[in-house]
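Trainee: Structure of the sequence below:
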Amino acid sequence: MSFCGPRLRRAVRVLVCSSVLACIALVSSDSGSLSAQAPAAAPVERAILDQADRQKGEATFWVIVREKANLAAAYGIQQRSVRGQFVYDQLTTVAAKSQAGLQALLRARGASFKPFWIANAIRVTGDRALIDELARRPEVERIVRDRVFTLEPPVPGVDEAQISGVEWGIDRIRAPLVWSTFSDRGESIVVASVDTGVKFDHPALVNQYRGNLGAGNFDHNYSWFDPSNVCGTPSLAPCDNNGHGTHTMGTMAGDDGNGNQIGVAPHVKWIAAKGCEQGSCSNAALLAAGQWILAPTDLNGQNARPDLRPHIVNNSWGSSNASDTFYQATVQAWIASGIFPAFSNGNAGPACGTVGAPAGYAESYGAGAFDINNLIAAFSSRGPAPTSVGASIKPDLAAPGVNIRSAWNDGGYYTISGTSMASPHLAGAVALMWSAAPSLIGNIAGTRALLGQTAIDTSDLTCGGTAANNNVWGEGRLDAFAAVGAAPRGPTGTLTGIVTDSSSSPIQGATIAVSGPTSRTTPTGSAGDYIVLLPVGSYNVAASAFGYLTQSANAVVINDGQTIALPFTLAAAPAHAISGHVTDSFLHPVAGATVTGLGAPATTDGNGFYSFAKIPEGTYAIKAEAGRCRNPDTKALTVDADKTVDFLLTARSDSFGYFCREETASYVEANLVVALTGDDAAAPINLPFPFLFYGQTYNSAQLATNGFLNFIASSTSFSNSAIPNPAVPNAAIYPYWDDLFADGSSSVRTDVFGSAPSRQFVIEWRNVAYFNDLTKRVDFEVILHENGQILIQYRNIGNDAQERGNSATVGIEDQTGSIALQYAVNEAALSDTVAIRYLLAPQAILQGTVTDTNDGLPIAGASVKALQGDTVAAQTTTDANGFYRMPLLLGTYDLQALKTNYVTALASVSLSTPDGTVTRNLALKAGRLTVNPSTLEFIMTAGQARTANLALANTGTEGLTWSVSESPTAVSWLSEGSGGGALAAGSNATVLVGVNSTGLAAGVYDTTLLFSSDSGRQPSVTVSVRLVVSGYSKAIDAGGGAYTDGSGISWLADRVYAAGQY
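Mentor: Numbers count the residues shown, from 1 in each chain. This is a model prediction of the structure:
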């Protein structure tokens, strides 16, 4: 799915299928403690004020209320109907109480508004005065903009062959084995979708629709919700004006009984909420849909029935900014009521950190997509999720999502691709699990654990993680058969207990491992307690915790309906000392490195030394790390005696060779103000020296208000992403790519310090604000060094997650968007005390002059390349003096100098001295065409013809080819030999030029012969040709006799002089 822009921004398109359905900007779901005193004024998104000023003084916006319902008690309620009612009552009661004053004010002001209880928010239309008044209310948390997002058509796929009569994705997750082995097709489970609607009478879906009463009768109350009345006013029956919602529901539940087995769980019942209107998805529709899922209503939107809520809800939509908590309160409410939330992970791959929201929330269960060959889809978004929403590994698992055939809104079938198609496979699998094991219903944590434990591990550490759980595949490929097989089917009992130490103090975080008819692992809570639901049978149970000896209990019998208490008391394990040194790639000590995995972390001293006095016996994974510019080093360690463990932290680098280094910041102010202000603006600048970046030399750059510069075309993208990313901008340096605003208090500045060849060019963004919060401001800068190094520094970074970069991208990226060295993305990782230096491995300067062998003069604009094998390590272009200069990593290179019409010059050069300079001049051979004479003139009367020869010579060092033509257009009276040919170096040729005045009136005729060649410096030579046609002419040879000369002119004899004559 392609996700929408971050941080409550402008309208952004949302793709269907391979794209998202919607991206809304709503509420923060922070349920933590609130300050007793509200701020003086809640933040207001600036776009709302702009809209109010433009559009007749009014804007539509959302008022987010501070108070949140406490839903913790819901998890202890066993009866499903009671649990749902409790959550509904808590949410509606808190919303009614905390919104009462606001609603009274809005009614008094005559404002149009609509309250929502699931996220405690009110949608309001009002003027600037009302906005200001609401912002001052103590119960208001913030005010954000309303949005509508357009839909794009789905991306067609290619039909794949069915396997044993079912679609390939259904077969791949082994759903047919569930059907045949457990007689389970999702019976007694209700699934729902928040999508574009469903064609309820589709042959593959009509029988599974909960509103189908049989015999052709339907009751759509509590089974269909259309908050925007797209399907009618009132909307009395389901429709789908897009197709996407029908497709996703088909993958969950579809089966027409006649060969179209498209659904994972074809015996479930389904209901649907239309969260996306015609061609768009609004905030209001999506939030209203979220409410209805928790408490379905009749067709009038009245008489809510939480007891009729679905068991599972599929959401094949999302936002590109995983840090945006716009839907988190809704997801949390669903989970509190026992609804399993399935989400598509996003279609923004293959870059790391591209998971979107809500899939990126720790609470959500997100699905990535793979194809029929068990290969991850390139578009499938990768994790990890940002730290602001839990830094979870994402996706949670992967499911079929490429070339998925399912139902369509025309009554037929359609094949499309996207993680939108993967998520309903997941939702259908959960339906099979809960149908087979009713004791799992509403147990979201237990269901997640089973899905993860039974997924087929698929290793891909591109974006971090482990072979068993990584940010490409999550826990692995979905296996519905294994998940149902591991579920507690049939009679069950409960195992519970408390884990304590020898002093009877509870041990939090101890691991309880259960093995037997099924396997489970679970951690203990803050009171050392645990509880596990198990099928009846005999089990072995082990309790383990850091610093303690493992204790086991074997042959623990679980009986139907019984609770077995099994406490553990763990004894402290013997301990030993562990110490060592941490060094870098050059074996220099790394001070301040952190060593973890052995309890409380240790930090290295100035000599890179660390120590743990007492580490309990056991097996550990111990890791050393230092900042974001070194790769961590992890070692397996068995502690059975005092041991020394040393670590080597290599530099993080990209495939081109750039690496980064963290150092103490020393901020440098720039003085020259660039004419660059406003929102989403850009301005070009000239660089004071050629700058080599990813092998390309640049003389200019484009600065953007949104915190980056790039060396290609202007870009003003406000929606940051993980890098590398082929989408613009590319060839870029990102000191703080975020949605920023340069107002009258801000400036973008430049300055140059030092002298050649060690100049530094400072580009500073000073006092810039965030687009959606002008109260926060930061300073940051990029310093380009003439030797190719890049320094990024920050100032005035407070202890605030946003200022520290939790919505920004920091790093560098090549011109194709395929190579990058990312320092951070959407993580609070920045500080005004730490600078980030990007540099290449030890390097030297290669320079020289490129000349023409024919005249010894410099050649401007020649391309100079340094290659290693077939790889271009760097390339640049000579200046007006033929001079080139480029930094290169130490090593041996094949050097090429080339320009059109010249023979490429080749040389080999070795660079062995760090920071040294090697000069290598190159001379290019080429032909050089000369033509003599440079002018021809013919004088004749009409009807005559003449010829003349032009002498061609190649005075160059290489052969050439030439051609001749008349310029600017051909003329009828001129001809020129064969029209072209080849000349070896030092050879000559003759071109016969003919003129013919036949049919020409008296006058002067001019044209030009253009000789074009592949000569180096002067590929074009011109000869001027003039023809003079006289009305009458006589040629008299004074003192001579009559004759005809070589040009064809007839000369008359001179008359003999007679006395008295002239």
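
Trainee: where does the chain dip in pLDDT?
Mentor: Counting by pLDDT under 70, the chain has low-confidence residues at 1-40, 55-56, 148-155, 279, 1033-1040, 1045-1051, 1054-1058, 1060-1062.

Trainee: Helices of that one, start to end?
Mentor: For the chain, helices defined by DSSP state H occupy the ranges 46-54, 80-108, 128-135, 168-172, 175-182, 244-253, 283-294, 328-336, 419-436, 444-454, 480-486.

Trainee: Format the CA atom coordinates belonging to the last one as PDB.
Mentor: Extracted in PDB, the C-alpha atoms of helix 480-486 (Å, rounded to 0.1, in the frame of the first residue of the first chain):
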ATOM      1  CA  ALA A 480      -3.300 -21.600   9.200                       C
ATOM      2  CA  PHE A 481      -3.200 -25.400   9.600                       C
ATOM      3  CA  ALA A 482      -0.300 -25.200  12.100                       C
ATOM      4  CA  ALA A 483      -2.000 -22.400  14.000                       C
ATOM      5  CA  VAL A 484      -5.300 -24.200  14.300                       C
ATOM      6  CA  GLY A 485      -3.400 -27.400  15.200                       C
ATOM      7  CA  ALA A 486      -1.700 -25.600  18.000                       C
END
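
Trainee: what does it contact?
Mentor: Contact partners of helix 480-486, identified using CB atoms under 8 Å, 6 or more residues apart in numbering, comprise 173-175, 177-178, 181-182, 184, 264, 428-429, 432-433, 436-437, 450-451, 453-455, 518-519. Heads up, the C-betas are built off the backbone N, CA and C, glycines and all.

Trainee: and with 6 Å instead?
Mentor: 173-175, 177-178, 182, 429, 432-433, 436, 450-451, 454, 518 (CB atoms under 6 Å, 6 or more residues apart in numbering).

Trainee: before we move on, what about the fourth one?
Mentor: With contact meaning CB under 6 Å, 6+ apart, helix 168-172 is reached by 160, 163, 264, 372, 400, 404, 425.

Trainee: Of these, select the buried ones using a ChimeraX command.
Mentor: The buried residues among the contacts of helix 168-172 can be selected in ChimeraX (16 or more other CB atoms under 10 Å) with this line:
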select :160,264,372,400,404,425
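
Trainee: quick one: contacts for Asp560?
Mentor: For Asp560, the residues meeting the contact criterion (CB under 6 Å, 6+ apart) are 491, 536.

Trainee: change it to 10 Å
Mentor: In this structure, Asp560 makes contact with 490-493, 535-536, judged by CB atoms under 10 Å, 6 or more residues apart in numbering.

Trainee: Got the phi and psi for it?
Mentor: phi -60, psi 120 (degrees, to the nearest 10).

Trainee: measure it to Gly442 for me?
Mentor: The span separating Asp560 from Gly442 equals 20 Å under the rule CB to CB, to the nearest Å.

Trainee: What number of residues are in the vicinity of Asp127?
Mentor: 16 (other CB atoms under 10 Å).

Trainee: now swap in Leu960 and tell me
Mentor: So Leu960, with other CB under 10 Å, has 23 neighbours.

Trainee: and it, what are its bridge partners?
Mentor: Leu960 forms beta bridges with Leu983, as assigned by DSSP bridges.

Trainee: circling back: give me the buried subset of the contacts of Asp560.
Mentor: When the contacts of Asp560 are checked for burial by 16+ other CB under 10 Å, the buried set is 492-493, 535-536.

Trainee: show me the contacts for the residue lying closest to Ala480 once chain neighbours are set aside.
Mentor: With CB to CB, 6 or more residues apart in numbering as the criterion, Ala480 has its nearest non-adjacent residue at 4.0 Å, and that residue is Ala429. By CB under 10 Å, 6+ apart, the residues touching Ala429 are 173-175, 178, 186, 252, 264-265, 312, 342, 367, 397, 399, 447, 451, 454, 478-481, 483-484.

Trainee: Surely Pro842 touches Asn787?
Mentor: No: contact criterion CB atoms under 10 Å: Pro842 and Asn787 do not qualify, at 11.5 Å.

Trainee: Looking at the two, which one has more neighbours?
Mentor: Here Pro842 and Asn787 are compared on neighbour count by other CB under 10 Å; more neighbours surround Asn787, at 18 against 13.

Trainee: Near the residue nearest to the more buried one when sequence neighbours are not counted, how many other residues are there?
Mentor: The spatial neighbour of Asn787 that comes closest, neighbours along the chain excluded (CB to CB, 6+ apart), is Pro887 at 5.7 Å. Per other CB under 10 Å, the neighbour tally for Pro887 reads 22.

Trainee: Now do the contacts for Pro887.
Mentor: With contacts defined as CB under 10 Å, 6+ apart, Pro887 is in contact with 691-692, 785-789, 839-840, 843-847, 874, 911, 915, 917.

Trainee: what is the nearest residue to Thr913 once chain neighbours are set aside paired to in the beta sheet?
Mentor: Leaving aside its sequence neighbours, Thr913 sits nearest to Ala844 (CB to CB, 6+ apart; 5.8 Å). Bridge pairing for Ala844 (DSSP bridges) gives the partners Leu888.

Trainee: was I right about Ala844 contacting Ala874?
Mentor: No: because the distance of 11.7 Å does not satisfy CB under 10 Å, Ala844 is recorded as not touching Ala874.

Trainee: Name the residues contacting each of the two.
Mentor: A shared contact of Ala844 and Ala874, defined by CB under 10 Å, 6+ apart, is any residue touching both; here these are 887-889.

Trainee: Distance to Arg136 added to those residues, as CSV?
Mentor: Output for those, formatted as CSV (distance: CB to CB, whole Å):
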residue, distance to Arg136
Pro887, 57
Leu888, 61
Leu889, 60
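
Trainee: Nearest to Gly798 among these?
Mentor: Ranked by distance to Gly798 (CB to CB), the shared contacts of Ala844 and Ala874 are led by Pro887 at 36.7 Å.

Trainee: What are the neighbouring residues in contact with Leu857?
Mentor: By CB under 10 Å, 6+ apart, the contact list for Leu857 reads 851, 881-882, 1017.

Trainee: Show me which of those are buried.
Mentor: For the contacts of Leu857, burial is judged from neighbour counts taken by 16+ other CB under 10 Å, and it is met by 851, 882, 1017.
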